[in-house]
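Enquirer: Pasting a predicted model and its sequence here:
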Amino acid sequence: AQSVTQLGSHVSVSEGALVLLRCNYSSSVPPYLFWYVQYPNQGLQLLLKYTSAATLVKGINGFEAEFKKSETSFHLTKPSAHMSDAAEYFCAVRGTGNQFYFGTGTSLTVIP
Amino acid sequence: DTGVSQDPRHKITKRGQNVTFRCDPISEHNRLYWYRQTLGQGPEFLTYFQNEAQLEKSRLLSDRFSAERPKGSFSTLEIQRTEQGDSAMYLCASSLVAVLGAETQYFGPGTRLLVL
């Protein structure tokens, strides 16, 4: 079975500080992993995805994530937070049956 | 291409009424997914279509829910005899299945349902 766990439902960082959002996955097969961002009252927008190529994946808006098989993790980072990064972030894994399993989300607050 | 669109964006209904939502996927996308998202939670899979065929349906999905994709393009999700517990954001996503690489889902803005 596949699942993802997002540690920390709320994360606050100062503007300009490092952003680190944590995601651990469980998968019985080599996983396809995704990070999505959701702004209030909007749908989800893809930030980046891991497809078993490079373990360090670069996405939009300066975000990147590193796939670590030994730790079953796929944490999302950004070197310097911007006010516009404030949003809800979801980690997801694609299951064997074409279902996508999403985490419960992490709400990022950026403090000016 | 304008992306995935959903209609309506908001729906308020009384308990017991039927509601229908529409999703228009990105052109040429052959897969279409429906999700439900409640406050503080991630999207929960409901069902998906490959072209016009409904291939998978969540075991948690009540019989009051039905979805169609008659011509393999737009899709509708109907909820019959709505209950207050159906209040949620209903998200649609579409994707183009490729031979290589991970399938990427593109989401619509969602339909927010409130059942009074």
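Expert: Everything's here; your move.
Enquirer: hey, let's count contacts and neighbours off CA atoms from now on
Expert: Fine.
Enquirer: What sits closest to residue A:63 if chain neighbours are left out?
Expert: Among residues not flanking residue A:63 along the chain, residue A:78 sits closest, at 4.8 Å (CA to CA, 6 or more residues apart in numbering or on different chains).
Enquirer: backbone phi and psi for residue A:29, please?
Expert: Residue A:29 adopts backbone torsions of phi -130, psi 160, taken as degrees, to the nearest 10.
Enquirer: swap in residue A:60?
Expert: Residue torsions, per degrees, to the nearest 10, at residue A:60 are phi -80, psi 160.
Enquirer: Number of residues surrounding it?
Expert: 9 (other CA atoms under 10 Å in any protein chain shown).
Enquirer: I figured it hits residue A:47, correct?
Expert: Yes. Applying CA atoms under 8 Å, one finds residue A:60 in contact with residue A:47, separated by 5.5 Å.
Enquirer: Give the residues shared as contacts by the two.
Expert: Residues touching both residue A:60 and residue A:47 (CA atoms under 8 Å, 6 or more residues apart in numbering or on different chains): none.
Enquirer: Show me which residues of chain B sit near chain A.
Expert: B:40-45, B:91, B:101-102, B:105-110 (CA under 8 Å from any CA of the partner chain).
Enquirer: circling back to that earlier point, distance check, the residue nearest to residue A:63 against residue A:108.
Expert: Distance, residue A:78 to residue A:108, by CA to CA, to the nearest Å: 12 Å.
Enquirer: did I read that right, residue A:84 in a helix?
Expert: Yes. Under DSSP: H, G, I helix; E, B strand; the rest coil, residue A:84 sits within a helix.
Enquirer: Quick check: which element contains residue B:63?
Expert: According to DSSP states H and E, residue B:63 maps onto no helix or strand at all.
Enquirer: For it, which residues are in contact?
Expert: Contacts of residue B:63 by CA under 8 Å, 6+ apart: none found.
Enquirer: Can you give me the neighbour number for residue B:73?
Expert: Applying other CA under 10 Å, I find that residue B:73 has 18 neighbouring residues.
Enquirer: if we can go back for a sec, so the residue nearest to residue A:63 is in contact with residue A:16, correct?
Expert: No. Checked against CA under 8 Å, the pair residue A:78 and residue A:16 is beyond contact range at 9.6 Å.
Enquirer: Just want to know which of these two has more residues nearby.
Expert: residue A:78 (20 against 15).
Enquirer: What does the closest residue to chain A within chain B show for phi and psi?
Expert: Across chain B, no residue is closer to chain A than residue B:109, which sits at 4.0 Å (CA to the nearest CA). Torsion angles at residue B:109 (phi, psi; degrees, to the nearest 10) stand at phi -80, psi -10.
Enquirer: Show the contacting residues for the closest residue in space to it that isn't next to it in sequence.
Expert: Spatial nearest neighbour of residue B:109, excluding adjacent residues (CA to CA, 6+ apart): residue A:43 at 4.0 Å. When contacts are counted by CA under 8 Å, 6+ apart, residue A:43 touches B:91, B:107, B:108, B:109, B:110.
Enquirer: Name the helix or strand of the chain that has the lowest mean pLDDT.
Expert: Going with chain A. strand A:100-102 (a mean of 89; mean pLDDT, DSSP states H and E).
Enquirer: Sorry, I should have been clearer: chain B.
Expert: Min over SSEs of chain B, mean pLDDT, DSSP H and E: strand B:53-57 (a mean of 89).
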